[in-house]
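Chemist: Show me how the following folds:
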Amino acid sequence: MIDRSPGAARVERLADGVFGYLQPDGSWFINNCGFVDAGGHTVLVDTCATERRTLALLAAVRETTGPVTTLVNTHHHTDHTNGNYLVTDATVVGHRKTRAAMLAEGIPRYEGVLVGNDWGHLELRVPDVVFDEWLTVYAGQTRIDLIHPGHAAHTTNDVLAWLPEQRVLYAGDLVFNGGSPFALMGSIAGWRAALDVVRELDPALILPGHGPSCDLAAVDLVDAYLEFVQQTAERGKAAGRSPLEQARETDLGRFAELTEQERLAGNLHRAYAELDGAEWGGPVDLAAALQDMLAYHGGPIHCFS
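Modeler: So this is what the prediction gives:
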């Protein structure tokens, strides 16, 4: 049985002074974070979904490098931002749309969709410093380029944190390793285009938003899954089936080994919208998509956060 408790998380050295904080098993709301030694203090990439998980993260960071003075958010999703408020002495940096989305959505708890989670006490804290395309921050002498791909992908506001000298990439949720990618709030086609940005960087090591550290092979698998979703949507539209009906008709094949398979139904809502000409990241009926995911799953989704 997988230990998903906060105590099961571990610090992984990715390069000299560069670390990942990996939480097994990377399922719903169990994410990875990164941090870079800035010489007595720390640049942190993302926080966690719950109070207890973020407190465990910050304790591990303090033991390894030092207190956090800069926090980077890779996108607005709450598994990467709920713990921002606990990083009390840090400046929070994120995309302009990350700040806007967090202010608009607050802290959703997904009641009736997710069960079993332990959020703890949460407070909203949004980025203090925002950018649109590119921003460079430094952790001591270590350069960290924050790159928005220029369009919607996993969300409308994804940020890559790229360390060019070390060739280490904190990919946020542009890369899932072992879990099904989830594009409902972004774009299937846009995500595939954003993966070309990742390939152009040519990282030697990637810390994904969820799952073990990896290389470009994981990027190719994400791309293949997204192409599979597009092809599945084309077949469903041609047959006159709804996204849920098409999801139920679909053999996942090589992607059956990925976790969170119910995301297929949500992804098909996005893919159908794009086939109808919707702009990348444009509005879709999120409530209907979530209901179809629950129907595909067979009821509320157990969350171990």
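
Chemist: Doesn't Trp119 belong to a strand?
Modeler: No. Under DSSP: H, G, I helix; E, B strand; the rest coil, Trp119 falls outside any strand and is assigned coil.

Chemist: where do the strands sit along this structure?
Modeler: Along the chain, the stretches classed as strands by DSSP state E are 10-15, 18-22, 33-37, 42-45, 68-72, 91-95, 114-115, 129-131, 134-139, 142-147, 160-163, 168-176, 205-210, 301-302.

Chemist: Just want the most central residue of this structure.
Modeler: Asp173 (2.7 Å; CA atoms, centre = their mean).

Chemist: nearest spatial neighbour of that one, skipping sequence neighbours?
Modeler: Gly209 (3.7 Å; CB to CB, 6 or more residues apart in numbering). Placement of C-beta: from N, CA and C, glycine included.

Chemist: Now do the contacts for that neighbour.
Modeler: Asn31, Asn32, Asp46, Thr74, His80, Ala171, Gly172, Asp173, Leu174, Val175, Phe176 (CB atoms under 8 Å, 6 or more residues apart in numbering).

Chemist: any idea which of the residues you listed is closest to Gly190?
Modeler: Sorting these by how near they are to Gly190, with CB to CB, puts Leu174 at the top with 10.5 Å.

Chemist: if I look at the closest one, how far off is Ser305?
Modeler: 21 Å (CB to CB, to the nearest Å).

Chemist: More neighbours: which of these two?
Modeler: Shown here are Leu174 and Ser305; by other CB atoms under 10 Å, Leu174 has more neighbours (28 against 24).

Chemist: The more buried one and Ala194, how far apart?
Modeler: For Leu174 relative to Ala194 (CB to CB), the value is 6 Å.

Chemist: Need the overlap of contacts for the two.
Modeler: Contacts common to Leu174 and Ala194, judged by CB under 8 Å, 6+ apart, are Pro149, Ala153, His154, Asp158.

Chemist: Please identify which pair of these lies farthest apart.
Modeler: Pro149 and His154 (9.8 Å).

Chemist: Compare those two (neighbour count), which wins?
Modeler: His154 (28 against 20).

Chemist: Now the more buried one, what are its backbone angles?
Modeler: phi -60, psi -40 (degrees, to the nearest 10).

Chemist: Just give the number of residues close to the residue nearest to Arg241 when sequence neighbours are not counted.
Modeler: Excluding its sequence neighbours, the residue lying closest to Arg241 (CB to CB, 6+ apart) is Glu249, at 6.6 Å. A count of nearby residues for Glu249, using other CB under 10 Å, gives 12.

Chemist: Would you quantify the distance from Glu249 to His297?
Modeler: Distance from Glu249 to His297, by CB to CB: 16 Å.

Chemist: Also Glu105?
Modeler: Glu105 is 23 Å from His297, by CB to CB.

Chemist: quick one: which of those two has more around it?
Modeler: Taking neighbours as other CB under 10 Å, Glu105 and His297 compare with His297 leading, 16 against 12.

Chemist: need the contact list for the more buried one.
Modeler: Contacts of His297 by CB under 8 Å, 6+ apart are Glu262.

Chemist: again with Leu264
Modeler: Ser180, Val229, Thr232, Ala247, Thr250, Leu252, Tyr296.

Chemist: Would you reformat those residues as TSV and include pLDDT and distance to Phe19?
Modeler: Output for the contacts of Leu264, formatted as TSV (pLDDT from 0 to 100; distance: CB to CB, whole Å):
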residue	pLDDT	distance to Phe19
Ser180	98	27
Val229	98	33
Thr232	98	38
Ala247	98	38
Thr250	98	39
Leu252	98	34
Tyr296	98	37
